[in-house]
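Novice: dropping a prediction and its sequence here:
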Amino acid sequence: MKGRQCHAVGSTGFLPFSGCFLHFSESDSCGSLCCSTMAALQLLFLPLVGCMAASAHPPGRLPPCQVVQMDVFCSNLRLRGVPVNLPHGVQTLDLSRNQVQNLSRETLGFHTGFHRLNLHANKIHFIQPGLFKDMPDLRVLDLSRNHLSVFAVSKVNVGPLYALKSLDLSGNGFYTGMSDSFLAYSPSLESVSLSDNSITKVTQDTFRGLLSLKKINLHNNVILEIEDGAFDFLQNLTELDLSKNSITCIKDFNLNTLKVLNLSKNSLEDFQSASPDIDFELVSLDLSENKILYFPLLPKKNVLEHLDISRNHIQTVTESLKKQTHLSFEKLRYLDMSYNNLKDIPERFFRCMTSLEILNMSHNCISSFSITNESVLQKAKVINLSYNSLQSLHLKKNTLHYLRKLYLQGNDLKMLDQQIFQSLPNIRHLQLQENNLRICSSDEDQQDPPGCVFFHSVHSLRFLNISENNLRTLPSKAFENTPLRFLDLSLNPGLDMQKGSLYGLEDSLAYLLLKESNLSSLNTELSSLRSLRHVDLSTNQLDSLPLLNKESSIESLNLQNNNLVTLDQNTIVDLERSLKTLYMGSNPLSCCENLGFLHIVRHSTVTVPDLEMVTCSHQDHSEPVNIGKVTQEMCRGPYVPNYTTVIVVMAVILMLLLGLLVKCCHLRRQKHSRSFSA
């Protein structure tokens, strides 16, 4: 392995004790109390404990540590050392994010039985020499985010650390060679982190004697050079992180026991293995965010599963194919070549990748892509070709049997094989937004636009995004026998949804997005979509609610930024049975003609997240009024007599009076007649 110029490289708190509690602080200790007395005091005076503590101790008193069996956690308590009265035999001590400056036996309370010691993010600039020699069980030591560069200048060894397995020295301002005194006499060390320092060179002495090392982290330094053989003697090394440095090239890569190598965010222009015939155990290689011009030259005998060469300057893979005629990537499962300058990608490039499952070629300049051989990408589950310059896409029938997700958004696709998606037996997820496609109908009596593509009878498809395609027409039965659950038709201005365009989706469609399509009405009835849960009709020209019925199951409805003045009362009642979320902002609503919506705002369980944006017009207000401020009194106009009613009432009264007069006269006549006869 070669680096620069391609040189060869290979407190206070409460502690449980015998059923009682002992109180300790940094400056004083209290005697133990009888358990029964303590329990009684707690039961009788618990409400007064807070006030008594506040009056008995100064305001700056520190909160307690947490003790779990033999593990003590004192993080972020402003401590300068270990609290007194720690239980004997503490195995884990977390003293991170405190104010420890000098690390000594006294600072650690003369405890020596630690298994794990966390001193992350203190202000340590001095360590007592030989401090750790009496800690035979110390396995994990975290000294990250301190000021140890001051102590490192003295070159005094902090060891020996015979049992130590993991050491974190990141973020200490180390320069080249400063870590030597911390790593000396640590024969059992398996993992070391020197990330976030200022190391410029990895020498042969940097990890000298650490034969048990398995993992090295040198992320975020300024490494320019790696000396010959700096890692060669580390026969157990499996993970090496050299990301975010200034390495310009790697030649003669010969770390054949390495399993994970991260070289991302460097200045690499080239990566080549030492010998094509050596067996390498590398499983994951990250070369992203470099300046690589060609596909890396890797050993023929490899077990690579993950390869990331995204965000480089690769323009072609043709040269690599010529130089690596016998190259095999039989184990490769993940390949990311996104954000390069690729203009084409030959089908034969993938012939040696028989196990590839995820392929990302997005954000390149690829104009054509085709798979015609059944043995190519036969195990691919995800292919991402988004944001290229695709004009041609050819996927032969009986290829890509296992493909589940296909990303094609952000291209210039205008014409595809009409049944291209029907030939993908397991496709579930299609991203087609930002193209120029047309949709065919499954109705034989309907004439299809030229160059259209079929979306009916794609039996496995569940997710389809075909927004921003300049669609003019959504024909009837466009998705027949395709059980879509998610359909996005947004950002297709002037979209004409023909009657029955969503036919066949009655029992499957749950998400329907039609935002920003300049719709003035919906020709299709949403009430027929029995599984519909979420609908987005925002930013259109709708002046009435779509037709629904009592069986509506819509839970979320977005009607923002339309032309709605009055909401149909019956539709509101039907919606309220299932609706949970309603967006209504930026509509020219009438204040007093939407009593049903007012009821939802005030009394319903329906949530209106954009209520602050929902306004209405009122004849007594020159400016729109927030719907939440509308009252019943505002909608009760001044009393105006109804003269027609008055006239009718008066006429009825006069008729009754006339009737009574006639009856009285008739009775008098009868009485007078009887008197005369007598």
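Specialist: Looks like it arrived, so ask away.

Novice: C-alpha only now, for contacts and for neighbours.
Specialist: Noted.

Novice: burial of the spatially closest residue to I127 that is not a sequence neighbour, as a residue count?
Specialist: In space, and not counting its chain neighbours, I127 is closest to L103: 4.8 Å by Cα to Cα, 6 or more residues apart in numbering. L103: 19 surrounding residues under other Cα atoms under 10 Å.

Novice: likewise D205?
Specialist: For D205, the neighbour count with other Cα under 10 Å is 13.

Novice: for the remainder of this discussion, apply numbering that starts at 34.
Specialist: In the new count, where the first residue is 34, that last one comes out as D238.

Novice: from memory it sits against F264, does it?
Specialist: No. Using Cα atoms under 8 Å, D238 is not in contact with F264; the gap is 9.8 Å.

Novice: quick revisit: from T387, how far off is the residue nearest to I160?
Specialist: Distance of L136 to T387, computed by Cα to Cα, to the nearest Å: 56 Å.

Novice: which residues sit against stretch 200-219?
Specialist: Outside of stretch 200-219, the residues within contact range by Cα atoms under 8 Å, 6 or more residues apart in numbering are 173-182, 185-186, 188-197, 222, 224-235, 238-240, 242-243.

Novice: that stretch - what's its average pLDDT?
Specialist: Across stretch 200-219, the average pLDDT comes to 93.

Novice: what's the end-to-end length of it?
Specialist: Stretch 200-219 has an end-to-end distance of 10 Å (Cα to Cα).

Novice: over to stretch 622-640?
Specialist: One end of stretch 622-640 to the other measures 18 Å (Cα to Cα).

Novice: so how far is it from its chain's centroid?
Specialist: Here the centre of stretch 622-640 is set off from its chain's centre by 35 Å, with Cα atoms, centre = their mean, to the nearest Å.

Novice: also stretch 152-163?
Specialist: Computed by Cα atoms, centre = their mean, the chain-centroid distance of stretch 152-163 equals 38 Å.

Novice: average model confidence for it?
Specialist: 95.

Novice: and the contacts of it?
Specialist: By Cα under 8 Å, 6+ apart, stretch 152-163 touches 127-138, 174-184, 189-193.

Novice: in helices, which of those residues fall?
Specialist: Among those, the residues falling in helices (DSSP state H) are S182, V183, F184.

Novice: and those, which are buried?
Specialist: Burial by neighbour count, 16 or more other Cα atoms under 10 Å: within these this picks out S182, F184.

Novice: could you dump the ones in helices among the contacts of stretch 152-163 to CSV with pLDDT and distance to L112?
Specialist: Formatted as CSV, those follow (pLDDT from 0 to 100; distance: Cα to Cα, whole Å):
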residue, pLDDT, distance to L112
S182, 94, 22
V183, 91, 21
F184, 93, 21
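
Novice: now, among the ones in helices among the contacts of stretch 152-163, which is nearest to I416?
Specialist: S182 (48.1 Å; Cα to Cα).

Novice: who does the helix or strand harbouring H632 touch, helix- and strand-wise?
Specialist: Remark: H632 resides in helix 628-636, with elements defined by DSSP states H and E. Contacts defined by 3 or more Cα pairs under 8 Å, 6 or more residues apart in numbering; DSSP states H and E place helix 628-636 against helix 602-609.

Novice: how far does stretch 281-290 stretch from one end to the other?
Specialist: Terminal residues of stretch 281-290 are spaced 23 Å apart (Cα to Cα).

Novice: now that stretch: average pLDDT?
Specialist: 88.

Novice: how far off centre is it?
Specialist: Centre to centre, stretch against its chain (Cα atoms, centre = their mean), the figure for stretch 281-290 is 35 Å.

Novice: the nearest residue to S550 once chain neighbours are set aside and Q268, how far apart?
Specialist: Ranked by Cα to Cα, 6+ apart and with sequence neighbours excluded, the top spatial neighbour of S550 is P526, at 4.1 Å. The gap separating P526 from Q268 is 63 Å, by Cα to Cα.

Novice: quick one: which of these two has more around it?
Specialist: P526 (19 against 15).

Novice: what sits against that one?
Specialist: N503, L504, R505, E549, S550, N551, L552.

Novice: what's downstream of the helix or strand containing L520, the next helix or strand?
Specialist: Taking DSSP H and E as the criterion, the element that holds L520 is strand 519-521. Counting by DSSP H and E, the next helix or strand C-terminal to strand 519-521 is strand 529-530.

Novice: and that following strand, what does it pack against?
Specialist: Counting contacts by 3+ Cα pairs under 8 Å, 6+ apart, strand 529-530 is packed against strand 506-507.

Novice: and the strand it packs on, how far from the chain's centre?
Specialist: The chain centroid and the centroid of strand 506-507 are separated by 34 Å under Cα atoms, centre = their mean.

Novice: of the ones in helices among the contacts of stretch 152-163, which is the nearest to K284?
Specialist: Using Cα to Cα, these come closest to K284 at S182, 32.3 Å.

Novice: how far away is the residue nearest to S550 from N503?
Specialist: Using Cα to Cα, P526 is found at 7 Å from N503.

Novice: anything in contact with each of the two?
Specialist: Counting by Cα under 8 Å, 6+ apart, nothing touches both P526 and N503.

Novice: ok, E558 to L535 distance?
Specialist: Computed as Cα to Cα, the E558 to L535 distance reads 9 Å.

Novice: ok, these two, which is more surrounded?
Specialist: Counted by other Cα under 10 Å, E558 and L535 do not tie: L535 has more neighbours, with 22 against 15.

Novice: quick check: the more buried one touching K510?
Specialist: Yes. The pair L535 / K510 is scored as a contact, 6.3 Å apart, by Cα under 8 Å.

Novice: count of neighbours near E477?
Specialist: When neighbours are counted by other Cα under 10 Å, E477 registers 7.

Novice: and the pLDDT at it?
Specialist: pLDDT for E477: 78.

Novice: contacting residues around it?
Specialist: Neighbours of E477 in contact, by Cα under 8 Å, 6+ apart: none.

Novice: wasn't it part of a helix?
Specialist: No. E477 is assigned coil when assessed by DSSP: H, G, I helix; E, B strand; the rest coil, not a helix.

Novice: ok, it to V658 distance?
Specialist: Look at E477 and V658: by Cα to Cα, they are 52 Å apart.

Novice: again with D170
Specialist: D170 is 72 Å from V658, by Cα to Cα.

Novice: run a quick neighbour tally on the residue nearest to T290 when sequence neighbours are not counted.
Specialist: Spatial nearest neighbour of T290, excluding adjacent residues (Cα to Cα, 6+ apart): E314 at 5.5 Å. Residues near E314, counting by other Cα under 10 Å, number 17.

Novice: no further questions, thank you.
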